[in-house]
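Peer 1: Structure here, sequence nowhere to be found:
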C-alpha cells in the first residue's frame, strides 16, 4: 500500500488530463459530425470504448512494467498468432481484412500488436550490454518487427503496416546503430521504396500521386484531399461551431469521424481549436520523451521512445493527410478518432509509459 | 536493475535527443500549414465550402400567353420535366453513362455530344440530358434517386400551341438560344439552354413575353441531394398578349390555302390591325418547343416549299394587275386621266417600237378608267404609264408604301422593289429603258411587292388616305390598346380619286369584271385581280407543257364594304393560275365569314351603282 501511495504521488496528472482532453475533443468531434445521421451510434460507442480504455490504462499502470517485458516473448507470440488468426477468420472492412469479432464488437488486433512489438523490441535490444547493436541483433530485431508487419500487409492494411518501420528504426537508434549499418539501412530503403511502389495496388498508388496534384481528379482520389482542405480552411480562426461544419455535416468530408476527424474538428473549432489539439499532442510527446529520459532502466527508456515514435508517427500521418500534405492512409488520430482498438491501445501504451515514469525511483 | 553504467545512461540521453528533430519539424510544418489553410486562405476555403453546400436552382418563368382578339387562347404553357445532369455530383461517369443510355434511352453518341456541348458551361450548371420526358422516364429517375443523385428532374414550362400549325407564321415559335445569339447578346437575359422566341410574335415580343425567372437556393449534401431550402424566389410570368388575329378568320384563311402555296392577309384598313395572316405551307411550332430534333429541322428547311417562310411578309412577288390600282391613283392625282379619258384596246399596242399585249386577245374596245380596272385592260394602263413616266409612278407607289417595309411587328419582313431609274443605276448599274416603264405599268418587270404591302396600299386607298402600320399585337392583357400608338402616314388622296378607283374595283367584282369570283350578293365588295406571268403565253405554248412551276401567280386584293371599308383582304397563290379564278374565290370566303357573323344589316346595304350605265 505504501508503495502505491508513493506511486500515486508521482502520477503525472497533467499528462493524464491531456489524454482525457484529447479523448474529450474526439467525443465532441464525433458527436458533432454524426448526430442526426445514420452514424449517431458512434458517440455512445466511443464513450464506452473510452471507459474500456481507461480500465486498460489503470490495469497496465497497476502492475510493474517489468512484468510485461519479462513475459513479452509469450505475449508477442500470442499477438502474432492472433494476427494469423485474423488472416484466416477475420472480417473484411473497406478492403482490409484486419478485424476480428469479439463479443459482438469488431476489434483490430494489429493496433495492439504495435504496442507488443515496441515492448518486445525494447526488451530484446535492451538486453545487449554493448554500446551499440550487432548485425545479428539488428536482424533478429528486424524479424521481431517485420513478422507482424508482413501479416498486417497480408491483411491489406498498409497504413498500419507501415508504422512498424519507424518503430523498428527508432528502437534501433536507441539500441545504437553503427555507421556501416546506417549505410546498409539507407541502401535497403533505396531498394525497398521503389520495390514497394511496384507492389502497391492501384488505389494506393493514386492516393500517393494525388498528394502532388489533388485537383487532377476531384471526384475520385483527390476529392477527399480537396474536401479535407476545404473543411480545415473554411474553419478559419474560430471555427463554425458545434454541428455547423457543412463539410462534415453534409458528407463532403469523407470518414469525418475516423480518419478525417482532425479536419472535422478544425472546421468546427477553427485555428484556435486545431492549434489547441496540436498543443496537447506536443505536450504528450514531450511527456513521453521525459518519461524516456527519466526511466529507471534501458528497457523503460526504449519502451517510452517506441511509444513516442508510434504516437508521433500517427499524428504526423493523420494530420498531414488531413491538411493535404501526405497521402491518404487509414491511420487513426490517437485518442481522437472514433474506434475502440485505436483508443484502447493508445491508452494502454500511455499506461505503460506512465507506469515507467512512476516507477523511476522504485527499486 | 540500475543502469549498468553512467556512460550507458548518457548514451541513452544523447540518443533521445534525436527525437526532438521529428517533434519540432512536424510541429512547425503542421502549424505553418494550419496557419496557411485557416488564416491566410481561410476566406477562400470558406467560399469553396459555401459553394459545396449551396446550389442555386433556376426556376424558369413561364412565358406570357397569347390569345386572339377575342381572348381565345392560342398559345399557352404546359408543365414539363427535363432530366438534368448535375455534373458536380457525378461519382462515376461510366456508371452514369451506362444508366442514362440503358434506362433513359439516350444513345451513347447523343450523350457524348450533349456532354461535350456542356463543357462550355460552368460545372455547377446542370445540363439537360433529355427533355420533356414522359411518365416512364420520370419514374426511372425517381426510382434511382439514391444511386444516381446526379440525375434530377427539372420542371420547365413549355409552349403549347393550341392550334398547331394554325397561325404559326404569326405566333412563331420558341427554341433554344444558340451560342451565336448568346455571343451577340440578341436575347438579353438568356442563358445557355434558355428557350427564346425565334420567330413571329414570340420573337418580336420576346422580351415582353419572357417572365422573370425565380430561383431556389437549396442546401445539398455531398451526393447532391437536397437537404434543405434556404431561399426561394418565385418566378413571374411574362406579359399575356392579345393579338389582333381573329381565330375564325385565321382558320378560314388557312383552310382556304390548304394544299396551295401562298398567303392571305386580312386587315382592318382603318387601323392596320391584322385580322388574319396565313402563309402556306405552314409548320407546327409545337415541334420546336422541345429543342427540335435535327431530323425534323432538316425536313423543314429542306422542304422546297419552305414552310418556315412567311409568304405574306417575307416573299416579294411581281404584283401584276393589282398594281393598276396604284397606277390609277397616280394618274388621277396627277390629272392625267379623268372620267372622260378613254383608250381604245385592240388587244395589243405599240409602245417605243415594241408590241405589248392585253390579256384579252381581241381587245376591250374603248375603255375608261373604271372599265380598265374592272376588266383589267393592259392597254389603258400602258398608255397611262407612258404618260406618267417611271419617276411619277415610283413616287406614287412609294407614297402608298411599296418598296419599303410596312413595319409590321413580325420579324424578317422584306421590302420588295419599286424600281426607278436611280434604283436601276444603283443596283444593276444600267440605264432605265422606257419600255420597262410599260411593263411596270401592269405590275410586271422589276417591281415586286409583298402581299402585306398590297393590302396596306389598297387599305390606304379604301380608307381615304390612311397608310397604317399593319400590326398583330392588339395589347398586353390588362393594358390599353396599342393600335393608336402605331405610326400612321397620311396620303393625300382626293375623294374623287378614291371614288373612281372604288367604282372600278366594285365593277370588277360586281359587274362581270375579272374579280367577279369574289362577289357576294348583298355585299359591296370592291376588288382587283392580278395574274403574274412567269413566262409569256407564246413561250408557254412552245414548251407545250403544263408545268406547275410555269403557271401564273394569282392575286386578288379587295375590301368591303365599299362605302364603309372595315376589312381589306389580299390573296396570293403561287402558280395558282388566273387571279380571278384562283385567288378571288378565296377572298370571297373571307368576306363571307367576316360579314356572316355581323348582325348589323347596315353594313351590308347594297349601294346604288356609282355610275349610270353599269349593269346591276
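Peer 2: Thanks, I have it. Computed from a predicted structure; not experimentally measured. Numbering: from 1, shown residues only, chains lettered A, B, ... in the order given.
Peer 1: Pop the domain breakdown of chain B in here.
Peer 2: B:53-91+B:157-243, B:247-281+B:308-604 (automatic domain parsing).
Peer 1: Most tightly packed of those?
Peer 2: domain B:247-281+B:308-604 (a mean of 21; mean count of other Cβ atoms under 10 Å in any protein chain shown). Placement of C-beta: from N, CA and C, glycine included.
Peer 1: circling back to that earlier point, what would the domains of chain B look like in TSV with mean pLDDT and distance to chain A?
Peer 2: Output for these, formatted as TSV (pLDDT from 0 to 100; distance: least, Cβ to the nearest Cβ, whole Å):
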stretch	mean pLDDT	distance to chain A
domain B:53-91+B:157-243	87	4
domain B:247-281+B:308-604	90	44
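Peer 1: As a markdown table, these with distance to residue A:178 would be great.
Peer 2: Converted to a markdown table, the domains of chain B look like this (distance: least, Cβ to Cβ, whole Å):
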| stretch | distance to residue A:178 |
| --- | --- |
| domain B:53-91+B:157-243 | 53 |
| domain B:247-281+B:308-604 | 92 |
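Peer 1: Residue A:332 is nearest to which of those?
Peer 2: domain B:53-91+B:157-243 (21.7 Å; Cβ to Cβ).
Peer 1: Can you pull out the low-pLDDT segments for chain A?
Peer 2: Where chain A drops to pLDDT under 70, the residues are A:1-4, A:36-40, A:91-98, A:101-106, A:207-221, A:362-363.
Peer 1: Which residue, other than its chain neighbours, is closest to the residue in it that chain B sits nearest to?
Peer 2: Nearest residue of chain A to chain B (Cβ to the nearest Cβ) works out as residue A:233 at 2.6 Å. Leaving aside its sequence neighbours, residue A:233 sits nearest to residue B:45 (Cβ to Cβ, 6 or more residues apart in numbering or on different chains; 2.6 Å).
Peer 1: ok so, going back, what's the distance between the residue of chain A closest to chain B and residue A:23?
Peer 2: Look at residue A:233 and residue A:23: by Cβ to Cβ, to the nearest Å, they are 26 Å apart.
Peer 1: who has more neighbours, those two?
Peer 2: A count of neighbours by other Cβ atoms under 10 Å in any protein chain shown puts residue A:233 above the other of residue A:233 and residue A:23, at 30 against 22.
Peer 1: For residue A:276, give me its contacts.
Peer 2: By Cβ atoms under 8 Å, 6 or more residues apart in numbering or on different chains, the residues touching residue A:276 are A:25, A:269.
Peer 1: What are the buried residues along the strand or helix carrying it?
Peer 2: If you go by DSSP states H and E, residue A:276 is part of helix A:261-294. Residues A:261-271, A:273-278, A:280-285, A:287-293 are the ones in helix A:261-294 that count as buried (16 or more other Cβ atoms under 10 Å in any protein chain shown).
Peer 1: Tell me, how many residues neighbour residue 154?
Peer 2: Going with chain A. 15.
Peer 1: think we crossed wires, I meant chain B
Peer 2: By other Cβ under 10 Å, neighbour count at residue B:154 equals 18.
Peer 1: Likewise for residue A:131?
Peer 2: 12.
Peer 1: and it, that's in a helix?
Peer 2: No - under DSSP: H, G, I helix; E, B strand; the rest coil, residue A:131 sits outside any helix and is assigned coil.
Peer 1: surely it meets residue A:175?
Peer 2: No - using Cβ atoms under 8 Å, residue A:131 makes no contact with residue A:175, being 9.6 Å away.
Peer 1: Identify the contacts common to those two.
Peer 2: By Cβ under 8 Å, 6+ apart, no residue touches both residue A:131 and residue A:175.
Peer 1: Next SSE downstream of the helix or strand hosting the residue nearest to residue A:233?
Peer 2: Element membership for residue B:45, per DSSP H and E: helix B:42-53. Per DSSP H and E, helix B:42-53 leads on to strand B:54-59 as the next helix or strand towards the C-terminus.
Peer 1: now that next one, how far from the centre of its chain.
Peer 2: Relative to its chain's centre, strand B:54-59 lies at 33 Å (Cα atoms, centre = their mean, to the nearest Å).
Peer 1: Just list what it packs against, helices and strands only.
Peer 2: strand B:214-220, strand B:226-233 (3 or more Cβ pairs under 8 Å, 6 or more residues apart in numbering or on different chains; DSSP states H and E).
Peer 1: Between strand B:226-233 and it, find me the angle.
Peer 2: Orientation check (axes from the mean of the first three to the mean of the last three Cα atoms, to 10 degrees): strand B:54-59 against strand B:226-233 gives 50 degrees.
Peer 1: Please name every helix or strand in contact with the helix or strand just after strand B:54-59.
Peer 2: Once the chain leaves strand B:54-59, the next helix or strand it forms, by DSSP H and E, is strand B:66-67. Where contact means 3+ Cβ pairs under 8 Å, 6+ apart, strand B:66-67 is packed against strand B:73-78, strand B:241-243.
Peer 1: buried ones in the one helix or strand residue A:193 maps to?
Peer 2: Assessed by DSSP H and E, residue A:193 sits inside helix A:179-199. Neighbour-count burial for helix A:179-199, counted by 16+ other Cβ under 10 Å, picks out A:181, A:185.
Peer 1: List of residues touching that helix?
Peer 2: By Cβ under 8 Å, 6+ apart, helix A:179-199 touches A:133, A:135, A:138, A:169, A:172, A:177, A:205.
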